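> A structural model of the following input is requested.
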Amino acid sequence: MKINGSVALVTGANRGIGRHFTRQLLECGAAKVYATARNPERIDIPGVETLRLDITDPEQVAAAAAIASDVTLLVNNAGVSTWTNLVTGDLANVRLEMDTHFYGTLSMVRAFAPVLAGNGGGAILNVLSAASWFSYDGANAYGAAKAAAWSLTNGVRLELAKQGTLVTGLHLGSVDTDMMASYDGEKGDPADVVRVALDGIEADALEVVADEWSAHVKASLAADPSAFYTDLGRS
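Numbering: from 1, shown residues only. Down below sits the predicted model:
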């Protein structure tokens, strides 16, 4: 998969990582970039084609697939973080996280799979998270939704292999974006994450682990959970 000459569509392109994807795709020679958002008037990157797209709205997803019928690279980046727990949190927020990260991403994949097949196969990049692999008290709805999106990514990769579509999952830790503005810990540069992700696409990588924290979390899955969750506070 080559970025140069590709036709890309990026969801959630108005800010954060999506904005960086849009800019870097243009810089890497993409022939066209559809920059989508629920509020496309907030997209301020010259040289893109803007589309209104809420990935939780099936009609808008179908309309985007009909308009962007030349897409060869789909970047499923749109997301939400409600900082909600599962047991006592607002169930509407839990559903919003799942509707966005799982069902919204799946809706995009289902709508664009035939588009990509018709254009030679192409590629899908799903922006996941290190939180696909661990839980964080205070944001467990996000972790559950990203874990579901990780499993979705692995599943659709198998289903779309027969049509020649590359499906890549991107895992990253905290980055300096609006979504993580309230987080006080160390944050990475989103531009670096996007650069690594696009390199992975060009290398036909099935998975891109963008930083040391994500690599550490992934490695911990092979160990006893107590080695990672050292603050469970069990009596």
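> Report the contact partners of Asp70.
By Cβ atoms under 8 Å, 6 or more residues apart in numbering, Asp70 lies in contact with 7, 32, 119. Where C-beta positions appear, they are placed from N, C-alpha and C, glycine not excepted.
> Show me the residue at the heart of this structure, geometrically.
Nearest residue to the geometric centre of the chain (Cα atoms, centre = their mean): Val127, 2.0 Å.
> follow-up on the earlier one: so which of the contacts of Asp70 wins on neighbours?
Sorting the contacts of Asp70 by how many neighbours each has (other Cβ atoms under 10 Å) puts Val7 first, at 21 neighbours.
> what's the pLDDT at that one?
At Val7, the predicted lDDT confidence score is 98.
> List the beta-bridge partners for it.
Lys32 (DSSP bridges).
> any low-confidence regions in the protein?
174-188, 231-235 (pLDDT under 70).
> which stretches of the protein form strands?
7-10, 32-37, 49-52, 73-76, 123-127, 166-171, 207-209 (DSSP state E).
> Same list (those) but as CSV, adding distance to His20.
Output for these, formatted as CSV (distance: least, Cβ to Cβ, whole Å):
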stretch, distance to His20
strand 7-10, 10
strand 32-37, 12
strand 49-52, 17
strand 73-76, 11
strand 123-127, 11
strand 166-171, 12
strand 207-209, 14
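> For Ala147, find the nearest of those.
Ranking the strands of the chain by proximity to Ala147 (Cβ to Cβ) places strand 166-171 first, at 11.3 Å.
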